[in-house]
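using only what follows, build the 3D model:
(2 chains)
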Amino acid sequence: MIRLAAVLTLAGLLLPQAATALTVTDQTGRRVVLPGLPARIVSLVPSVTETVFTIGAQDRLVGVTDFCDYPPAARQKPSIGGMISPSLEGIVTLRPDLVVATPAGNRHETFDQLGRLKIPVYLVNPVSVQDVLDLIGRVGRLTDRAEAADRVAAALRERIQAVSARVAGRPRPRVLYVLWPDPLIVPARGALVSELITLAGGDSVTADGGQGYPRYSMEAALARNPEVILIASHDATGSPLVRSKWERFTQVPAVSAGRLHTVDGNLMHRYGPRIVDGLEVLARLIHPEAFDKAAVR
Amino acid sequence: MSGSPSASGARLAVLLAALGLVVAVVAVGALFLGSARVPPGDVLAVLTGRVRGVDQVVVLSLRLPRILAALLAGGALAVAGAGFQALTRNPLAEPSVLGVSSGAAFGVIVAQVFGLGGGLVEAVGIAACAFAGALVAGVAVYAIASRGGGLPVHTLLLAGVIVGIFFSSAITVLISVLDFDRLGGVVHWLLGNLGPIAPASLAVFAALTVVGLWLVVGQARPLNLLALGEESAQQLGVDAERLKRRVFAGAALLTSAVVAFVGPIGFVGLIVPQVIRMLLGPDNRVVIPAAVLGGGAFLLLADTIARNVVAPAELSVGVITAFCGAPFFIYLLRARAPEAGL
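Numbering: from 1, shown residues only, chains lettered A, B, ... in the order given. As a prediction, the model looks like this:
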């Protein structure tokens, strides 16, 4: 024991930079050693880019991906390419002192290569609303904007609670959320969208169908008599065309009641601050009666 | 090719009736089975118009069109395979080996990228782009492989594989360059997706398949003569060039219709004609009509498994055709190939 302590002390003496270095634990539990607070961050994760802008730390952001399109100012930052195959040369040229990445969207090869180039990589992997709020705090501490981040997170928490208060005690309509229409892909167990639907006072009919976002049986989904159908819009699927495919199923309660809606997928599928906007959209569509003028008063 | 015409005609009728019965049994099974767990009594009630509601949607709007699409696609792929095999006199020829499927798939993705209205316009437009892609790929393969009027088998296969790889790479380029949100379903579609097909699309699919079948099925006898060699066929009164163009157009049309409406499903075009040949001999007058029904039954069976085995989630039908088809094919190859002379 004493010998171990002596070795550790010796190691500490031999590595003077370790004293000034900053050791942090990332969201996946890895220890990341930084020379100091990062001033040149490359974000490989669109939701992290959004978070950095939301807490006002964008001065420290020197590179983003092609998918970082929000806020619009994020497009002004130099891009290092896509999430799956970012340009390593592009990243190195930006001389980052930290790269923020995610195992859900980037590749392990990228982290390994950056590691060999002695560029620290901080991994994030939010899978729940709580994780998203946690992520905001983490980005705040990394960028010396902890107070701003806490304010943002607190405001988001308040809005989540406000939604909960509105929908509390109301019957939970059965909701079918269509992430992709053909083949049908839906949020299931452990998916953030499933959690948002629950928070918005709905009962997702596909919540039991496997992990994450599985390909799902259309007949199983419709046989559960969804009372609300929400179709996520992407560029190609927000059109009336996709709606019309569903409108012909007039025997389904959601369709006969006119409760077939298109929602902005960017609000629901990115693990950034805008998920609360998404939650509010969901709650208004699932419980319109809780948000009409009478209820506001 | 032996026996008097009337005897072989009677044998063919019995065979087709038996295959028709298989198709009917599989189709009825598919209509009653599904993750929605509609009780059999309710399925019957829906069919007789006594029940409305969600059960009716499940049985009539989801299962029935899907069954029809699977039968059409399976039959079309098997006949396209039999056609290409007879045309090239090569048992390995089939839409995906010859690169024709990849060409059609590239056409479909280009059509999706540019977005084509909706409904009927979209269905026809996507099918047209698929056919154009299939023709370009097929003509390229022919042009690369043909040598002094002949079509050496190994060169043809090599050309098909190369053209297929080229179009697959072109698809990968499009997928990499374009926004994932725009093409998110492509990965699933590339494995074959017998989804709930809309009535307008099903009608276009059926019409194209009928035209393609008409182009190939009627040519069974001349294709038999072509098997003797082009010169012999010419001497027996077959216009070999015209026959090849017609069968090629038909097989390409069948392939592109399938790719446009349910995705590039592999294996059916290769395995179904082979199995039929192993069991019933090489006469195209038997093989091609039997492929229509046998291909349909095989793909429908595979799709029924795909949508039930991990319910309420689903598998891609292409996974099942390969997973079930490959072992069965290997069994037949070991057990029957010596007799069939393969």
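
how about the residues of the stretch 201-342 of chain B near chain A?
B:307, B:310-316 (C-beta under 8 Å from any C-beta of the partner chain). All C-beta atoms are positioned from the backbone trio N, CA, C, and that covers glycine.

would CSV of the residues you listed with distance to residue B:250 and pLDDT be doable?
Formatted as CSV, these follow (distance: C-beta to C-beta, whole Å; pLDDT from 0 to 100):
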residue, distance to residue B:250, pLDDT
B:307, 30, 88
B:310, 36, 84
B:311, 37, 81
B:312, 39, 83
B:313, 37, 82
B:314, 32, 84
B:315, 31, 84
B:316, 27, 83
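
and the residue sitting nearest the centre point of chain B, helix, strand or coil?
Ranked by distance to the mean C-alpha position of chain B (C-alpha atoms, centre = their mean), the top residue is residue B:77 at 1.4 Å. With DSSP: H, G, I helix; E, B strand; the rest coil as the basis, residue B:77 sits in helix.

sorry, back to before: pick the one among the residues of the stretch 201-342 of chain B next to chain A closest to residue B:261.
residue B:316 (15.0 Å; C-beta to C-beta).

for the closest residue to the closest one other than its chain neighbours, list the residues it contacts.
Excluding the flanking residues, the one nearest residue B:316 by C-beta to C-beta, 6 or more residues apart in numbering or on different chains is residue B:191, at 3.6 Å. The contact partners of residue B:191, taken as C-beta atoms under 8 Å, 6 or more residues apart in numbering or on different chains, are B:263, B:316-319.

with residue B:101 instead?
Taking C-beta under 8 Å, 6+ apart, we find residue B:101 in contact with B:95, B:134, B:164, B:255, B:259, B:264, B:266.

in these, find the pair that's most separated.
So, those by C-beta to C-beta: farthest apart are B:134 and B:266, at 14.9 Å.

what about the two, which has more around it?
Higher neighbour count among residue B:134 and residue B:266: residue B:134, with 34 against 20, using other C-beta atoms under 10 Å in any protein chain shown.

quick one: that one from residue B:40, how far?
41 Å (C-beta to C-beta, to the nearest Å).

does residue A:121 touch residue A:115 like I think?
Yes - using C-beta atoms under 8 Å, residue A:121 is in contact with residue A:115, at 6.4 Å.

quickly list the domain ranges of chain A.
A:21-150, A:170-296 (automatic domain parsing).

and the last one, is it in reach of chain B?
Which is domain A:170-296. Yes - interface with chain B: domain A:170-296 contributes A:180-185, A:188, A:206, A:208-210, A:214-223, A:225, A:234-236, A:239-241, A:244-245, A:248-249, A:251-252, A:265 (C-beta under 8 Å from any C-beta).

show me which of those are buried.
A:180-185, A:188, A:206, A:209-210, A:214-223, A:234, A:236, A:245, A:249, A:251-252, A:265 (16 or more other C-beta atoms under 10 Å in any protein chain shown).

residues near the closest residue to residue B:20 other than its chain neighbours, how many?
Once flanking residues are discounted, residue B:20 sits nearest to residue B:293: 6.0 Å by C-beta to C-beta, 6+ apart. When neighbours are defined as other C-beta under 10 Å, residue B:293 has 25 of them.

look up how far chain A lies from the nearest residue to residue B:204 once chain neighbours are set aside.
For residue B:204, ignoring the flanking residues on the chain, the nearest one in space by C-beta to C-beta, 6+ apart is residue B:123 at 4.5 Å. As judged by C-beta to the nearest C-beta, to the nearest Å, residue B:123 and chain A stand 11 Å apart.

quick one, helices of the stretch 151-297 of chain A?
Applying DSSP state H, counting those that start in this stretch to the stretch 151-297 of chain A gives helices spanning A:192-199, A:218-223, A:240-247, A:253-256, A:265-269, A:275-286, A:293-296.

so where's the chain shaky on pLDDT?
Went with chain A since none was named. Low-confidence segments of chain A, defined by pLDDT under 70: A:1-20, A:235-241, A:293-297.

oops, I was thinking of chain B
Checking chain B against pLDDT under 70 turns up B:1-7, B:115-119, B:148-151, B:153, B:178-188, B:336-342.

on that earlier part again, what about burial for the contacts of residue B:191, which qualify?
With burial judged by 16+ other C-beta under 10 Å, the buried subset of those is B:263, B:316-318.

what ranges do the strands span in chain A?
A:22-25, A:31-34, A:41-43, A:61-63, A:98-101, A:121-123, A:174-178, A:203-204, A:228-233, A:260-264 (DSSP state E).

could I get those as a markdown table with mean neighbour count?
Below are the strands of chain A laid out as a markdown table (neighbours: other C-beta atoms under 10 Å in any protein chain shown):
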| stretch | mean neighbour count |
| --- | --- |
| strand A:22-25 | 12 |
| strand A:31-34 | 12 |
| strand A:41-43 | 28 |
| strand A:61-63 | 23 |
| strand A:98-101 | 26 |
| strand A:121-123 | 22 |
| strand A:174-178 | 25 |
| strand A:203-204 | 22 |
| strand A:228-233 | 24 |
| strand A:260-264 | 18 |
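
for residue B:15, find the nearest of those.
strand A:174-178 (44.4 Å).

tilt between that closest one and helix A:192-199?
For strand A:174-178 against helix A:192-199, the angle by axes from the mean of the first three to the mean of the last three C-alpha atoms, to 10 degrees is 150 degrees.
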